[in-house]
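Visitor: let's see this in three dimensions:
(4 chains)
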Number of protein chains: 2
Amino acid sequence: MTDAAPLISEKDPASDPRPDLKRTSGIAGEASLHGKILAKLRDYIVEGNLSDGVRIPERQLCEMFGISRTPLREALKVLASEGLVDLLPNRGARVRALSEQDIHDLFDLMAGLEALAGRLACECITEDEIADIESLHHEMYGFYLHRDMHGYFDANQKIHCKIVDAARNGALSMMYASHAGRISRIRYSANMARKRDRWGEAMREHEVILDALRRRAGAELSDILFLHLRNKQAAAIEFLGEPQPVQS
Amino acid sequence: MTDAAPLISEKDPASDPRPDLKRTSGIAGEASLHGKILAKLRDYIVEGNLSDGVRIPERQLCEMFGISRTPLREALKVLASEGLVDLLPNRGARVRALSEQDIHDLFDLMAGLEALAGRLACECITEDEIADIESLHHEMYGFYLHRDMHGYFDANQKIHCKIVDAARNGALSMMYASHAGRISRIRYSANMARKRDRWGEAMREHEVILDALRRRAGAELSDILFLHLRNKQAAAIEFLGEPQPVQS
DNA sequence: TCAGGCGATATTGCACTCAAAAATCACGGT
DNA sequence: ACCGTGATTTTTGAGTGCAATATCGCCTGA
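Guide: A predicted model of the protein is given here:
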């Protein structure tokens, strides 16, 4: 077992000295210890370093992060409220195992959020923002042609994020971000589904999305985005059903 | 420690003002102390017992609930992640003041969630569930005719909850519940807007909603529900703009 | 008189500690 | 040999204490 715990980076010099009464996106976790732990632990779980359903002794996590149990427990409570871990009374925390149903639900929810984002974005998006998205779209098309999966995925994510940003809705952005992290791993694999033509389909869908966005056709864009995510969902679930190399 | 702390009522079977919104699973807060505090504090804030932006000393809350700071702080962290309070580093917790923009955003988000619920519900709702909703609809119409605001609001909430339930999406239900609590106070006032005909409008919209639901017209229902909530939003914001009795 | 620095006080953040519950293990009975 | 019961150990839940930081009032000087 590791004795020292230099996992905590000590100080952020740019840690927002006086964030007046500004909306600090909910929890003010950027500076305090429990906030850093929260972020670390969330990443740790999202990245899949802890197997599903396995019990996580607090002591072990404490040593791992080099802190005492108090801030860790606070972070765990938050993660539980976010749905990343299950907290059983007197029986500790386990990373929540995502059933196929859960994944299905989460994708549907993301589809709904993106549909909403599209609808709202149409109401207030600027020409510049559209131009931004168009440029990302072409970039993504380039990655598609070169079969650069990573670049494609990255550009794709950026486009969807831009649409959410364009909706100018803080509550939506926050919720979208929190759930995007949760399923990003799975979402990535959607494009790797055995049926390779899914990639081409996605590109075509993006063309339609862009078109609807240009025309500010809110309801229409909403529908398209929903179906786009639904197709991603189908591909992801299909991929998860396939036998894949087990990790570690 | 304090000898008597009767502020915590151990078990109130009938103290749940929102019976159908109770599916806040994820955190196992029903049994442990911090869970009870979390629920109590959330209700306390949602009910508006603490003025916006006012600093809440932990000590005071501890005495109020008769507990020590540790579980209280855990509850505060969760509430912060839910967006009900702001947690400023070393400067304590304040109940988050909802700006008009925030309210606007939250209503839009709820509109998106309900739109999603409608769309999903159309895919899998049973005849029985539709019959349920129809019966609630008629009940609500009765309240409308008798100008029974409270009954109307209650039936209205139940209908929307039933639609969300019919979507059979746990993640959606959870998120809907958590945000419904946050804006329920404001949502209630939407029907009290000076323009009294809003009530009649809402009834007519509900007719259309029911019709689309019967036909399982997902995309259509999605649109209608979105606009329905948008109208509620407009009424609520309008009402909030009117002079109202200042709280305490 | 007002601005700015300084100290006292209060409050927060985190670690530590203790009690209670669960999990594990051992032992004895059938 | 297997299962049930009880003791031990481990782990969680919660209270308390201490250091660090912010808040507030006071004092000094221009």
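
Visitor: from now on I want contacts and neighbour counts done on CA atoms only, so please keep to that.
Guide: Fine.

Visitor: so residue A:168: helix, strand or coil?
Guide: Put simply, residue A:168 is coil when judged by DSSP: H, G, I helix; E, B strand; the rest coil.

Visitor: which residue packs closest to it, ignoring adjacent ones?
Guide: Spatially, and ignoring its direct neighbours in sequence, residue A:168 is nearest to residue A:121 (7.3 Å; C-alpha to C-alpha, 6 or more residues apart in numbering or on different chains).

Visitor: from residue B:92, how far out is the one you found?
Guide: In this structure, residue A:121 lies at 36 Å from residue B:92, with C-alpha to C-alpha, to the nearest Å as the measure.

Visitor: next SSE downstream of the helix or strand of chain A with the lowest mean pLDDT?
Guide: For chain A, the helix or strand with the lowest mean confidence is helix A:170-190, at a mean of 84 (criterion: mean pLDDT, DSSP states H and E). Sequence-wise, the next helix or strand beyond helix A:170-190 is helix A:198-214, with elements assigned using DSSP states H and E.

Visitor: contacts for that following helix next, please.
Guide: Judged by C-alpha atoms under 8 Å, 6 or more residues apart in numbering or on different chains, the contacts made with helix A:198-214 from elsewhere in the structure are A:118, A:122, A:130, A:134, A:137, A:141, A:144, A:191, A:218, A:220-221, A:224-225, A:228, A:235.

Visitor: any idea which of these is closest to residue B:35?
Guide: The closest of the contacts of helix A:198-214 to residue B:35 turns out to be residue A:118 (C-alpha to C-alpha; 36.8 Å).

Visitor: how many neighbours does that closest one have?
Guide: Taking other C-alpha atoms under 10 Å in any protein chain shown as the neighbour definition, residue A:118 ends up with a count of 32.

Visitor: the closest residue to it other than its chain neighbours and residue A:122, how far apart?
Guide: Spatially, and ignoring its direct neighbours in sequence, residue A:118 is nearest to residue A:222 (5.4 Å; C-alpha to C-alpha, 6+ apart). Residue A:222 sits 9 Å away from residue A:122, going by C-alpha to C-alpha.

Visitor: out of these two, which sits in the more crowded spot?
Guide: Ranked by neighbour count (other C-alpha under 10 Å), residue A:222 and residue A:122 place residue A:222 first, with 30 against 23.

Visitor: who touches that one in this structure?
Guide: Counting by C-alpha under 8 Å, 6+ apart, residue A:222 makes contact with A:114, A:115, A:116, A:117, A:118, A:119.

Visitor: switch the cut-off to 6 Å
Guide: Under the criterion of C-alpha atoms under 6 Å, 6 or more residues apart in numbering or on different chains, the neighbours of residue A:222 are A:115, A:118, A:119.

Visitor: over to residue A:232: give its phi and psi.
Guide: In terms of degrees, to the nearest 10, the main-chain angles of residue A:232 are phi -60, psi -40.

Visitor: before we move on, the earlier item: out of residue A:121 and residue B:92, which sits in the busier spot?
Guide: Each of residue A:121 and residue B:92 has its neighbours counted (other C-alpha under 10 Å); residue A:121 has more, 27 against 14.

Visitor: can you pull the phi and psi angles for that one?
Guide: phi -60, psi -40.

Visitor: ok, it touching residue A:167?
Guide: Yes - Residue A:121 is in contact with residue A:167 according to C-alpha atoms under 6 Å; the separation is 4.0 Å.

Visitor: hmm, back to that, which one of the contacts of helix A:198-214 has the most neighbours?
Guide: Neighbour counts for those were taken using other C-alpha under 10 Å; the highest belongs to residue A:118, with 32 neighbours.

Visitor: who are the neighbours in contact with the residue of chain A found nearest DNA strand C?
Guide: For chain A, the residue positioned closest to DNA strand C under C-alpha to the nearest atom of the strand is residue A:33, at a distance of 2.8 Å. The contact partners of residue A:33, taken as C-alpha under 6 Å, 6+ apart, number zero.

Visitor: one more: residue A:145?
Guide: Residues touching residue A:145, when contacts are defined by C-alpha under 6 Å, 6+ apart, are absent altogether.

Visitor: which parts of chain A are helices?
Guide: For chain A, the helices identified by DSSP state H occupy A:33-46, A:58-65, A:69-82, A:100-124, A:127-145, A:149-166, A:170-190, A:198-214, A:218-241, in order along the chain.

Visitor: what's the angle between the second one and helix A:69-82?
Guide: The reference is to helix A:58-65. Calculated by axes from the mean of the first three to the mean of the last three C-alpha atoms, to 10 degrees, helix A:58-65 forms an angle of 100 degrees with helix A:69-82.

Visitor: pull the distance from helix A:58-65 to the chain's centre.
Guide: 25 Å (C-alpha atoms, centre = their mean, to the nearest Å).

Visitor: close to DNA strand C, is it?
Guide: No - contact of helix A:58-65 with DNA strand C is not found when judged by C-alpha under 7 Å from any atom of the strand; the minimum separation is 8.4 Å.

Visitor: what's the mean pLDDT across that helix?
Guide: If you average the pLDDT over helix A:58-65, you get 94.

Visitor: buried residues of that helix, list them for me.
Guide: Of the residues in helix A:58-65, those with enough neighbours to count as buried (16 or more other C-alpha atoms under 10 Å in any protein chain shown) are A:58, A:61, A:62, A:63, A:64, A:65.

Visitor: and the third one, by the same measure?
Guide: Taking 16+ other C-alpha under 10 Å as the basis for neighbour counts, the residues of helix A:69-82 that come out buried are A:70-82.

Visitor: residue A:197: how many residues sit nearby?
Guide: Residue A:197 has 12 neighbouring residues, counting by other C-alpha under 10 Å.
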